[in-house]
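A.B. asks: Got a predicted model here, sequence first, then my questions.
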Amino acid sequence: MKIGVFICHCGNNISATVDVEQVAQHALTLPGVVCAHTIPHACSEPGQQLIKKNIQEKGLNRIVIGACSPRVHEATFKRVLAQAGLNPYLLEFANLREQCSWVHEDRQLATGKAIDLIDMAVNKAARLEPLTSSKVDVNKRTLVIGGGIAGIQAALDIADSGHEVALVEKTPTIGGNMARMDKVFPTLDCSACILTPKMVEVASHPNVTLYTYSEVEQVSGFVGNFKVKIRKKARLVDMEKCTGCGSCTLKCPVKAPSEFNMGLDNRGAIYIPFPQAVPHIPVIDKTVCSYILKKKCGLCQKICPTGAIAFEQQDELTEEEFGAIIVATGYELMDWTVYGEYGYGKYKDVITSMQYERILSSSGPTGGHIKRLSDGREPEVVAIIACVGSRDAARGRPYCSSVCCMYSAKYAMLTREHLPNAQVYIFYMDIRACSKMYEEFVQRAQEKYGANYVRGRVSKIFERNGRMVLQGADTLLGQSVELEADLVVLAVGITGTQSTIELAKKLNISHDEYGFLTENHPKLRPVESSTAGIFIAGACQSPKDIPLSVAQASSAASKVLGLISHDKLETSPLVAEVTILKCVGCFRCLSVCPFSAIEEQVLRDGTKVAQVNPALCQGCGLCSATCPPAAIALRGFTDDQLISQMESLCQLNPEL
Amino acid sequence: MNRTLKLNQLDDQFIKQIEQTSGQKLNDCYQCGKCTAGCPIAHSTDLPPHKIIRMLQLGIKDQVLSSPTIWLCLSCVTCTARCPKGVDLACIMDSLRELAIKEGVPQAQKQPIKLFEKLFLDAIKRHGRLYEMGTLARFNLLTLKPFQDMELLLPLLKRGKLKLTPESIKDVEKLAQIFASSASDSEVH
Amino acid sequence: MAGTSRMKQPASVRIVRLPCTGRINPLLPLRALEDGADGVLISGCHPGDCHYREGNLYARRRLELLQRFLPFVGIDPKRLRYVWVSASEGARWQTIVAEFTQQIRELKARGEAS
Amino acid sequence: MSELLNELKQKVAEILPKVTYFIGYEAGFDPLRVAPVFIRKPEDINRLQWNRFCDHNLATYLPPQKRPPGFLFEAGEKIGVLLKGCDSRSVVQLLQEGIVDREKLVILGVPCWGAIDIAKLQSRIDVNKVSRVELDEQTIMVFTDTAEVSVDVSELLYDKCKTCQHPNTLVYDEFIGEKRDPPQDIEPFALVTQLEQMSLGARAEFWEKQFSRCIRCKACRNVCPLCYCQNQCLLDSRVPHWTKERVDAKSNRWFHLIRAFHLAGRCTDCGECARVCPVNIPINLLPMKMNRELFELFGWRAGTNEDEKPPLMSFKLEEEHIGNDK
């Protein structure tokens, strides 16, 4: 056993709190250690060279590196070992930065702990074995979940590169939230004008299979080889026969609030969500349709010229295989009704931002005319309240929704364009306009469009003489203020969704308490989920505007292309392995394995033993913890390796 | 008032003291102003609530303790209820009043609030609930302003908001025991 | 997260890295206590959020059993704690480590830990 | 008793042609002792015994892993076995674990009134010099050449029999005799509760004393019907290196803790480990404590339900009795 120990200064990130020389000196006293060096930056080129040189000149066969978190640089140093001709799994990492120098202040204590950590690592290193990975085929198809702008962009990028994509959208049409918007910042181009062509393009792309009104039901498998069950919900309309003429939607006697118009007007039980919907095919809302509920009516069926109404249609389940998955499930508005003080629901002239988008839109319920919902009057004063459901820890949303500052400025401009005589007041706390041309956009709202910014939150809204009275504060003036407005727009913050949380569970990827998906590394792996082969794009990861969502979608697409450009994939060798001789055939491992990675194997003498499929095994080690005779070991975390680590850390009585 | 404020001469001890007695973290406040926005007396103060807490963050002791705001505060707790950061400003106001009395700030000595609170508690002790009419009458007499707020009397009576005679709860004696056992606490007021 | 955010922690903590709490045979923490560790703190993903689907759900039962068993052979169950802390809950981790360390110090001061 | 024995012999005669051998009890080296017997030929049937001294758990011979080469059977063959209520729990657990195949077993069930713990007789008479025993349902008369004693049988029962909830065999092909009504108001974990009255320190001391006497003969493991890992047992393992062979209180404790955890949720309280312990360590209390906790947490009793998954091999997303942050 020839162990080499390398202690990184990490600039002074480690060496400022840990006496790295002393740690190296101590390492030299440990059994098996041949050399111990300190390196200013082990991850730098000279650092890597030094390690390689030592491996080759001194014939090192186990390497211990005391540096940062293995999450940051384990891969880097594995590569160094491989380049020096050593099996990369003969590396053990001691985290002297995140677990020691950064979290302790006392130099002596930190140095003592660093010595222990190196001790533990050397002890484990002595028990490391060379490991090799196996290879599995990669399915070249990609599944994109969510048909908003992020999902569409990702699907198009992959499809354009010549690979097949399935795009699954749970609502009857693609387009997502962006389709609801009127004009979009910072250029104020019409949302529909830039989105609709993309919707059409993705729907007609030869490499894209579009599943609208469909949901992911079940996911199994692993990177390169996912099996996905998709539920195609019954539209009750035959998509082949329907021509999208829409006469059924005109005749339907049922009225239900339109989801697309945020409840500002009604749609029928059979409806096309909006004129530019893709596919342009109606859907029957089973929860309100009189025919479904009472077997009465059936008017649509009578009127349909092509006989496309299919009340008997059932949900369909299809199972497909994919190599990679992109999740782009978007966001929704947080529940603004918790703000009783703003009077939403009580006063018709208090509306949400998304409702205002629909009012501003020429295809919206008011035909693009800004009107009060109470009396149809044009407002003279429009008030916008920012941070409704953002930066509000007391209401469970401590984060910044990042888009409201910008769309509030946008509303100021659009309002003044529609109603040049109207006054606009924006109650804000801070203005966050940090992207390209954003600050200029906000400036323009103030300078050219005369938006009145008042720094302070509003505490209460009530009615006086048919107008909304806002009780607020101007913290710059340092006094309370009051504003009479005709229309109040709540700039509601955005949140992850419950359905994303449910999907995350099916996909086995992590999410936070707000329903946003968690990226693998906040800086270095921003579009990778916690599970290999599953990527995230758009506002399902964090509040995001359109440019960022599109950028992240393309980024996720490029990650997918990187993955499926390989014909075969190396699987991690850190998987479970059965020592056949020790297996007593109780198959408790098989019973607990969450990945169905364990199978029965019949030996020639007829005895049955367990066997691991390394492609399915994810390396959790549950089997290893369950096996009574320890016949199944998780490579890289074997009982022996863990016991040796614990013994050296306890040091009291290693000879148990 | 408009002199330049020398930030590094301010009172750190004061900040700690208020945080300790109120149990609130002053730096939680990010000055959104929602407390002032909802405060029913903000319009008649020299320092509206958000300014009070801003001054506390900086440690401006004298001006805060001598501000009428802390005596005008009605403890209606709208600020606390609306604060997006969960700062209990009403509680901070309590702490400030307490401190002002303890430190003998002249403005604190003039406040009839101490008397009012004593009379309030007396009424509770006697009846188990507030007897507004009696408390107000005693308060007006003892502050030598017998006709204070007299114009409100009639409308309040008309709407049934004031009762002429006191109402008592069952087992007033038990309440007296509670008062007795916490006698030392009530002395703080 | 706690480390990346440089949240200060007691220096008496040593971390043994495992892929999943599911890997934890209850004998492992028991062994650490037998070997002379003053306390064992086990931390993993929240139940329902297992990175490996189900590992922590098995671990929860096994560790609960271990905890209930310890006093039967004369080991103070306060020397073992299992908690669910996600990678994003740095501040919570910091509090838990501090609390647990304090608890163990108190046990030691009373001569109740080894 | 003798009627039951006759019936037993008759049944064994009936099934013997169908099985490779039948496992029962025969007379031991003195009137107080019985020993397990493997009946292969009809003429041996008369060797069978059934009395209050039949304490061995014959289920221990059933896991294929535990059977020596000469006792393995060919495909299609069966073995017959006589099982008391407590012993049948072991079989139910082995069935649950898929270790034994019900198809290959012919089980004879009996009612049981509890077995006599000879150790409890020792204080009244020298049990190693017994020449004759007379036994009826209530009393036992024991004779040596120089002395005789008459004792109420209920005073001599094994502790496990006093807390037994299963006087009848749970799983069987034929039941001999009449079933007993299960006793009411039994506290099955009374022995554990008793020990828990001690303070933490006193209990540590209690076990320290017990474990310091252990001679690591491993009889507890070898007799256990559920310890079927045999040569692969973790307690003999070098890699991974869980134990050392040293015999001292600390190492012995570790040895028994490993066993306890391997039996958690599996031990069927047959008490064989404690019975065979040459230094009388109440070693069955460790798995019994596990059983108590698993019963309280999950309502689980090993060996009473073949179809349910054991609690340590399953989970619920929302656990009813486990806090999320303990």
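C.D. replies: Thanks, I have the structure now. For clarity, every value in this text was computed on a predicted model and none was experimentally measured.
A.B. asks: quick one: residue D:14 from residue A:197, how far?
C.D. replies: Look at residue D:14 and residue A:197: by C-beta to C-beta, to the nearest Å, they are 86 Å apart. In short, each C-beta sits where N, CA and C put it, glycine included.
A.B. asks: what residues does chain D put near chain C?
C.D. replies: D:192, D:195-196, D:200-201, D:203-208, D:242, D:250, D:253-254, D:257-258, D:260-261, D:264, D:285-286, D:289-290, D:293-294, D:297-298, D:311-313, D:315-317, D:319, D:322, D:324-326 (C-beta under 8 Å from any C-beta of the partner chain).
A.B. asks: can you rerun that using 6 Å?
C.D. replies: Residues of chain D that fall close to chain C, judged by C-beta under 6 Å from any C-beta of the partner chain: D:200, D:203-204, D:207, D:254, D:261, D:289, D:293, D:311-312, D:315, D:317, D:322, D:325.
A.B. asks: For chain B, which residue gets nearest to chain C?
C.D. replies: Closest residue of chain B to chain C, C-beta to the nearest C-beta: residue B:25 (13.9 Å).
A.B. asks: Work out for me the element the closest residue to that residue other than its chain neighbours sits within.
C.D. replies: Ranked by C-beta to C-beta, 6 or more residues apart in numbering or on different chains and with sequence neighbours excluded, the top spatial neighbour of residue B:25 is residue B:19, at 6.4 Å. Using DSSP states H and E, residue B:19 falls within helix B:12-22.
A.B. asks: chain center to the following helix or strand past that helix: distance?
C.D. replies: Where DSSP H and E defines the elements, the next helix or strand beyond helix B:12-22 is helix B:34-38. Offset of helix B:34-38 from its chain centre (C-alpha atoms, centre = their mean, to the nearest Å): 17 Å.
A.B. asks: what's helix B:34-38 packed up against?
C.D. replies: strand A:458-464, strand A:467-474, helix B:49-58, helix B:78-82 (3 or more C-beta pairs under 6 Å, 6 or more residues apart in numbering or on different chains; DSSP states H and E).
A.B. asks: where does the chain dip in pLDDT?
C.D. replies: Answering for chain A, as no chain was given. Within chain A, the ranges that satisfy pLDDT under 70 run A:651-656.
A.B. asks: um, chain D though
C.D. replies: Looking at chain D by pLDDT under 70, you get D:1, D:72-75, D:323-326.
A.B. asks: how does it divide into domains?
C.D. replies: Here the domain parsing of chain D from automatic domain parsing is D:2-115+D:166-175, D:118-156, D:190-313.
A.B. asks: what's the neighbour count on whatever residue of the stretch 51-200 of chain D ends up closest to chain C?
C.D. replies: When distances are taken as C-beta to the nearest C-beta, the stretch 51-200 of chain D reaches nearest to chain C at residue D:200, 5.8 Å away. For residue D:200, the count of nearby residues is 17 (other C-beta atoms under 10 Å in any protein chain shown).
A.B. asks: How about residue D:14?
C.D. replies: Other residues near residue D:14 come to 12 when the count uses other C-beta under 10 Å.
A.B. asks: Equivalent analysis for residue A:38, please.
C.D. replies: Other residues close to residue A:38 by other C-beta under 10 Å number 21.
A.B. asks: Mind telling me what element it is part of?
C.D. replies: Assigning secondary structure by DSSP H and E places residue A:38 in strand A:33-39.
A.B. asks: show me what contacts the closest residue to chain D within chain B?
C.D. replies: Closest approach of chain B to chain D (C-beta to the nearest C-beta) occurs at residue B:86, with a separation of 22.2 Å. Residue B:86 is in contact with residue A:394, counting by C-beta atoms under 6 Å, 6 or more residues apart in numbering or on different chains.
A.B. asks: Report the separation between it and residue B:55.
C.D. replies: For residue B:86, the distance to residue B:55 - C-beta to C-beta - is 20 Å.
A.B. asks: Please apply the same query to residue B:31.
C.D. replies: On the measure of C-beta to C-beta, residue B:31 and residue B:55 end up 11 Å apart.
A.B. asks: Pull up the residues of the stretch 101-250 of chain D that are close to chain A.
C.D. replies: D:229, D:232, D:234, D:240-241.
A.B. asks: Just among those, which is most surrounded?
C.D. replies: Using other C-beta under 10 Å as the neighbour test, these are led by residue D:229, with 25 neighbours.
A.B. asks: so what's the backbone phi/psi at it?
C.D. replies: Main-chain torsions, residue D:229, degrees, to the nearest 10: phi -70, psi -20.
A.B. asks: swap in residue A:194?
C.D. replies: Per degrees, to the nearest 10, the backbone of residue A:194 is at phi -90, psi -20.
A.B. asks: Which residue is the nearest non-sequential neighbour of it?
C.D. replies: Closest residue to residue A:194 apart from its sequence neighbours, by C-beta to C-beta, 6+ apart: residue A:184 at 7.7 Å.
A.B. asks: okay, now the nearest residue to residue C:18 once chain neighbours are set aside: neighbour count?
C.D. replies: Of all residues not flanking residue C:18 in the chain, residue A:637 sits nearest, at 6.0 Å (C-beta to C-beta, 6+ apart). The number of residues packed near residue A:637 is 22, by other C-beta under 10 Å.
A.B. asks: Check the secondary structure at residue A:637 for me.
C.D. replies: Judged by DSSP: H, G, I helix; E, B strand; the rest coil, the three-state class of residue A:637 is coil.
A.B. asks: Could I get the buried residue list for stretch A:597-610?
C.D. replies: For stretch A:597-610, burial by neighbour count (16 or more other C-beta atoms under 10 Å in any protein chain shown) applies to A:597-598, A:609-610.
A.B. asks: Do a quick rundown of the strands in the stretch 151-300 of chain D.
C.D. replies: Ranges of strands in the stretch 151-300 of chain D, per DSSP state E, counting those that start in this stretch, are D:174-175.
A.B. asks: Nearest to chain A: which residue in it?
C.D. replies: Residue nearest to chain A within the stretch 151-300 of chain D (C-beta to the nearest C-beta): residue D:240, separated by 3.5 Å.
A.B. asks: Would you check that that residue makes contact with residue A:630?
C.D. replies: Yes - the pair residue D:240 and residue A:630 qualifies as a contact (C-beta atoms under 6 Å) at a distance of 5.1 Å.
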